[in-house]
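Asker: need a 3D model of the sequence below.
(4 chains)
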Amino acid sequence: MKQGFFEIIENLPLAEKVYKILLSGDCSAITAPGQFVNIKLDGLYLRRPISVCDLDGDRLTLIYKVVGKGTEELSKLKSGRLDVLSGLGNGYDIEKSGDSPLLIGGGVGVPPLYLLAKRLVASGKKASVILGFNTKSEIFYEDEFKAIGCKTEVTTVDGSYGKNGFVTAALPEEYTHVYTCGPEPMLRAVYGAIKTSGQFSFEERMGCGFGACMGCTCETVAGYKRICRDGPVLFKEEIKWRT
Amino acid sequence: MKQGFFEIIENLPLAEKVYKILLSGDCSAITAPGQFVNIKLDGLYLRRPISVCDLDGDRLTLIYKVVGKGTEELSKLKSGRLDVLSGLGNGYDIEKSGDSPLLIGGGVGVPPLYLLAKRLVASGKKASVILGFNTKSEIFYEDEFKAIGCKTEVTTVDGSYGKNGFVTAALPEEYTHVYTCGPEPMLRAVYGAIKTSGQFSFEERMGCGFGACMGCTCETVAGYKRICRDGPVLFKEEIKWRT
Amino acid sequence: MADLRVELCGIELDNPIIPASGTFGYGYEFAELYDINILGTFSFKGTTREPRFGNPTPRIAETASGMLNAVGLQNPGVEKVISEELPKMKKVFHKKVMANVSGFSLDDYVYTCERLDSCEEVGWLEVNISCPNVHGGGMSFGTSSESAAEVTRAVKKAVKKPVIIKLSPNVTDIAEIAKACEGAGADGISLINTLLAMRIDLKTRKPLLKNTTGGLSGPAVFPVALRMVYQCAKAVKIPIVGMGGVSSAEDVIEMALAGATAVEIGAENLVNPFACRDIIEALPAAMEKYKIDKLSDIIGGAI
Amino acid sequence: MADLRVELCGIELDNPIIPASGTFGYGYEFAELYDINILGTFSFKGTTREPRFGNPTPRIAETASGMLNAVGLQNPGVEKVISEELPKMKKVFHKKVMANVSGFSLDDYVYTCERLDSCEEVGWLEVNISCPNVHGGGMSFGTSSESAAEVTRAVKKAVKKPVIIKLSPNVTDIAEIAKACEGAGADGISLINTLLAMRIDLKTRKPLLKNTTGGLSGPAVFPVALRMVYQCAKAVKIPIVGMGGVSSAEDVIEMALAGATAVEIGAENLVNPFACRDIIEALPAAMEKYKIDKLSDIIGGAI
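Answerer: This next block holds a predicted model:
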């Protein structure tokens, strides 16, 4: 973890209520795809955690959806610097991927899979991707995943684009490992549907984002884990769904 | 009173810890010299009252000293808009001036006297001015008062410039009425030293600045008065000094 | 079209927005800025039997997302309020107004309430047993169930108009006090008054307020106020007027969900003189966003 | 050169800055960021007799200038704390540490305090009788003078190390409870714990926290904390550890003037992990600005 200031290079709408912000700063603390950063915004007390979408030298790309005050404030910033805690969370373990990993993202759960896909492709893996959205207007990054050579399938709940239904409707026959991120109902569905091992990235309201406050603890097979520090990524075998 | 947004045109240091900010906006609510505006600043709950120094069409000049969080924040703003309540307080009554009024200002009590002096001169009065400061580095606006044709005397407590001592050390023989603004000890000294009628501008911690909260009430011979609305200017005869 | 109407102790309000006592004077200053008849009603400056200057200045200090005040019930006394202020107020406000009353003895409360009960422009009596800024009175009545009930009973016996008891948050169990007031015949309760607090001037090393302590209000206290409204709403059946740091239409809806039938706006009026107008104008859109047709439908919805 | 040293219950601190329990874990996370041996000491995560998961999530919500938490005393239980956490902690922190203890019965408090009293790295026992987020325990001990004194007396009888009782602000008269603890033998008191509060989610129309209510902390509560420290400082002679929304060196000085011998920093650690380091580094300049040579000289200076 590092605290530092990042320059806003651009901050533009990407899809309905979804923005892409490009930052420049010291990214050296970010060691794995699936990690997140925690951003301080003027007038708001707690920082806002956002997962890392892409990384290139000192360039950091984040994609976020406007869901409340914090993300709304962030979407208005077009320049200046942000106070950022970077390199938070465990991130995905790419060693476990096998030869043909499957990446499944839902809505704003899609972004962290992009850096993961790049890393997997770079290490010679045949990564295929399923991107799930509610409707056509919310879709983003389909082309980006294709551009790095991933077989990419899009599903929409209302059938307005791609395959009609949930991400689980698009599961291929063969894959060696699953990496997924999205809303909990989707994670549960994926958990029930996949035949292989996998890594699941969870969301929870956080206090600090670095493991100090125990605000985001969940129960796992391996004991209590802090989503912000011991997570956000849990292995399939560890997961204990709350009833 | 009017609420509106003012553009910051410039905001520059004028003397030690003293800044001059030039704003552009709807000044129509400002009807008399000695009135003040109340400014909202990001991250601070209460507005900050600052007296009007000069007025020219839609151009509003304020001079303020950095004494706390609010004025410190204000001093950092070099552009953008400010949420301003304008036209607050009663202001000075120029009708009562007589032919040769005397204006006495101390420190940041000097600014409101400038617009007053301009108005008096414009209406053909022979206004003379005494400006009191602690030391040379704090002096401002001596030339501005001279430029509009006021006989201007500067006093410094430490004698580093002008007449050595307090403003009362520079009282002339003849004057028809006194207008004054400054720290309470100075006002008390002036009250005791002058031989004519006068108008005194008071300072008090305010809640709203427009008479709603009774946060700044003082006792006067004429009953309770709200410094923010019934004041900040009181006639000499009204004043009841707190013991 | 969103329906903002609520009923407070038998009187219908066009909307639940009520400027809180001590932040709206007698309405004149605000009537210069907008037509205050758009308000549900307003609670005028706290009235006592005798005229009061209140506390020496400084009476105001700033805090994070809030402010302290120690005005100390400055007012011209009930007779002048009736003979001078109410007639002037009538010219700018044509709805029933809420009369806020404070006292230093049972007699004070009874006398002042009786006098204001006789004014036809008064719709409700808001009995303040929670002012933290006066000595030997005010809050001391609001910090025990017994004395709170005693004041309620005495006032109720003396007046015909609905009596709303304004409670203090500076207590261990506000719901217990709310129940005591209900048991003693209160028609409603309003809460929270300010939280007792202070600031110290680092330069002088003395309290910033001449009164040493003052009452904290503003957005800082909203979550405490919300919790207390929720606790009281679970404890009593009489209507609750929620207040404490409300500064937006969303806050009003949150207060309603916690159990507030109407909502008073306090400190925000001092920072933004148009606050109540802005909130009333913003409410329909906010209600639509959260799929609320009738505000009265969601009162206590989170309980 | 400014002298930051203060003495807390017979142990000298290099400076008065103490990260508050529940905002600093056992120090490891922060030790990765800076050498935590610059701290006066720190109060580690609240410890109970048995392991606790705490409350279900969401446990955190945001408010104006503050936050709510309802963690509910998650901890591995006193035996694991002693066998696993303290040895790890010893590697990164070499001063005496403050052990924060909670319980659900007198026995719990006594047992857990006895166990931690035997650990040589523990300098003080901070007995939390004010946790608002657990049921049947915690705060209920801190809301009456009798039970507060009872816990104090029982723990004091069982341990040798100085006992600091952590008080709840959710009471009518905190000074009375402080006095009761002093009378029962407390070596010091710390305050304030969090203010009981809540937020409601407008979308779901349910409380944001799964626990319904939570504890409010952050700059929003500072003026309330300061008032309570001031009231307690006037009421007792034992040292006071002041906390509640402290976020700057100026706040620390203000707390000292109100009567705090040492100052705990809570929520600010979560927003700025370097908060305590930054405050310690800023204190000398702030003291010079306000003409303070020895911090210990101004404790209670505003009283």
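Asker: show me where chain C has helices.
Answerer: Assigned by DSSP state H, chain C shows helices spanning C:28-31, C:78-80, C:86-92, C:106-117, C:145-158, C:174-183, C:222-235, C:249-258, C:268-271, C:275-289.
Asker: buried stuff in the fifth one?
Answerer: Residues C:145, C:147, C:148, C:149, C:150, C:151, C:152, C:153, C:154, C:155, C:156, C:158 are the ones in helix C:145-158 that count as buried (16 or more other C-beta atoms under 10 Å in any protein chain shown). (C-beta placed from N, C-alpha, C; glycine too.)
Asker: ok, back up a step: now the helices of chain C in CSV, with mean pLDDT and distance to chain B?
Answerer: Formatted as CSV, the helices of chain C follow (pLDDT from 0 to 100; distance: least, C-beta to the nearest C-beta, whole Å):
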stretch, mean pLDDT, distance to chain B
helix C:28-31, 94, 5
helix C:78-80, 97, 11
helix C:86-92, 96, 14
helix C:106-117, 96, 18
helix C:145-158, 96, 24
helix C:174-183, 97, 25
helix C:222-235, 98, 13
helix C:249-258, 98, 15
helix C:268-271, 97, 4
helix C:275-289, 98, 11
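Asker: between those, which one is nearest to chain A?
Answerer: helix C:249-258 (9.7 Å; C-beta to the nearest C-beta).
Asker: what are the pairing partners of the top strand by length along chain A, and which direction each?
Answerer: When chain A is parsed with DSSP state E, its longest strand is strand A:2-15. When sheet partners are counted by DSSP bridges, strand A:2-15 sits next to strand A:18-24 (antiparallel), strand A:81-88 (antiparallel).
Asker: how about TSV for these, with mean neighbour count and mean pLDDT added?
Answerer: Output for those, formatted as TSV (neighbours: other C-beta atoms under 10 Å in any protein chain shown; pLDDT from 0 to 100):
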stretch	mean neighbour count	mean pLDDT
strand A:18-24	20	97
strand A:81-88	21	97
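Asker: closest to residue B:101 out of those strands?
Answerer: Closest of these to residue B:101 is strand A:81-88, at 51.5 Å (criterion: C-beta to C-beta).
Asker: would you reformat the buried residues of helix C:145-158 as TSV and include distance to chain A?
Answerer: Shown next, in TSV, are the buried residues of helix C:145-158 (distance: C-beta to the nearest C-beta, whole Å):
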residue	distance to chain A
C:145	35
C:147	37
C:148	34
C:149	39
C:150	41
C:151	38
C:152	38
C:153	43
C:154	44
C:155	41
C:156	43
C:158	47
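Asker: so what's the residue located most distally from the centre of chain C up against?
Answerer: Going by C-alpha atoms, centre = their mean, the residue of chain C most distant from its centre is residue C:203, 34.4 Å out. By C-beta atoms under 8 Å, 6 or more residues apart in numbering or on different chains, the contact set of residue C:203 is residue D:290.
Asker: go on, residue A:135?
Answerer: A:156, A:157, A:158, A:160, A:161.
Asker: select only the buried ones of the residues you listed in PyMOL?
Answerer: Buried subset of these, written as a PyMOL selection, criterion 16+ other C-beta under 10 Å:
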select buried, chain A and resi 156+157+161
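Asker: which of the contacts of residue A:135 fall in strands?
Answerer: Of these, the ones assigned to strands by DSSP E are residue A:156.
Asker: taking the contacts of residue A:135, tell me the two that lie furthest apart.
Answerer: Largest separation among the contacts of residue A:135 by C-beta to C-beta: A:157 and A:161, giving 10.5 Å.
Asker: shared neighbours, these two?
Answerer: Joint contacts of residue A:157 and residue A:161 (C-beta under 8 Å, 6+ apart) are A:133, A:135.
Asker: I figured residue C:259 hits residue C:227, correct?
Answerer: No: here residue C:259 does not reach residue C:227: they are 10.9 Å apart, not a contact under C-beta atoms under 8 Å.
Asker: point out the residues in chain A that sit beside chain B.
Answerer: Neighbours of chain B within chain A, by C-beta under 8 Å from any C-beta of the partner chain: A:42, A:43.
Asker: walk me through the domains of chain A.
Answerer: For chain A, the structural domains run A:2-88, A:94-201, going by automatic domain parsing.
Asker: quick one: closest of those domains to residue D:43.
Answerer: domain A:2-88 (21.6 Å).
Asker: ends of the closest one, what's the gap?
Answerer: Taking C-alpha to C-alpha, to the nearest Å, domain A:2-88 runs 9 Å from one end to the other.
Asker: you'd agree residue A:129 is in a helix?
Answerer: No: checked against DSSP: H, G, I helix; E, B strand; the rest coil, residue A:129 lies outside a helix; its state is strand.
Asker: ok, the residue nearest in space to the middle of chain A - contacts?
Answerer: Of all residues in chain A, the one closest to the mean position by C-alpha atoms, centre = their mean is residue A:112, 3.1 Å from it. Counting by C-beta under 8 Å, 6+ apart, residue A:112 makes contact with A:33, A:34, A:36, A:51, A:52, A:53, A:92, A:105, A:181, A:201.
Asker: what helix or strand is it located in?
Answerer: Remark: residue A:112 resides in helix A:111-122, with elements defined by DSSP states H and E.
Asker: also residue A:144?
Answerer: helix A:142-147.
Asker: may I see the buried residues of that helix?
Answerer: Those would be A:142, A:144, A:145, for helix A:142-147 by 16+ other C-beta under 10 Å.
Asker: next one: stretch C:273-291
Answerer: In stretch C:273-291, counting by 16+ other C-beta under 10 Å, buried: C:273, C:275, C:276, C:277, C:278, C:279, C:280, C:283, C:284, C:286, C:287.
Asker: what's the answer for stretch C:80-95, then?
Answerer: C:81, C:82, C:85, C:86, C:89, C:93, C:95.
Asker: re earlier: what two of the contacts of residue A:112 have the greatest distance between them?
Answerer: The widest separation within these (C-beta to C-beta) is 14.8 Å, between A:36 and A:105.
Asker: mind listing what residue A:158 touches?
Answerer: Residue A:158 neighbours (C-beta under 8 Å, 6+ apart): A:134, A:135, A:164.
Asker: count of neighbours near the last one?
Answerer: By other C-beta atoms under 10 Å in any protein chain shown, the residues close to residue A:164 number 13.
Asker: against chain C, how distant is the closest residue in space to it that isn't next to it in sequence?
Answerer: Spatially, and ignoring its direct neighbours in sequence, residue A:164 is nearest to residue A:156 (6.8 Å; C-beta to C-beta, 6 or more residues apart in numbering or on different chains). Distance from residue A:156 to chain C, counting by C-beta to the nearest C-beta, to the nearest Å: 24 Å.
Asker: and residue A:91, by the same measure?
Answerer: In terms of C-beta to the nearest C-beta, residue A:91 sits 34 Å off from chain C.
Asker: secondary structure class of that residue, three-state.
Answerer: coil.
Asker: next up, phi/psi of it, please.
Answerer: phi 80, psi 180 (degrees, to the nearest 10).
Asker: nearest residue to it other than its sequence neighbours?
Answerer: In this structure, residue A:91 finds its nearest non-sequential neighbour in residue A:32, 2.9 Å apart by C-beta to C-beta, 6+ apart.
Asker: for that neighbour, which residues are in contact?
Answerer: Residue A:32 makes contact with A:90, A:91, A:92, A:93, A:94, according to C-beta under 8 Å, 6+ apart.
Asker: and if you look at residue C:121?
Answerer: By C-beta under 8 Å, 6+ apart, the neighbours of residue C:121 are C:86, C:89, C:90, C:96, C:97.
Asker: one more pass at 6 Å, please.
Answerer: Counting by C-beta atoms under 6 Å, 6 or more residues apart in numbering or on different chains, residue C:121 touches C:86, C:90, C:97.
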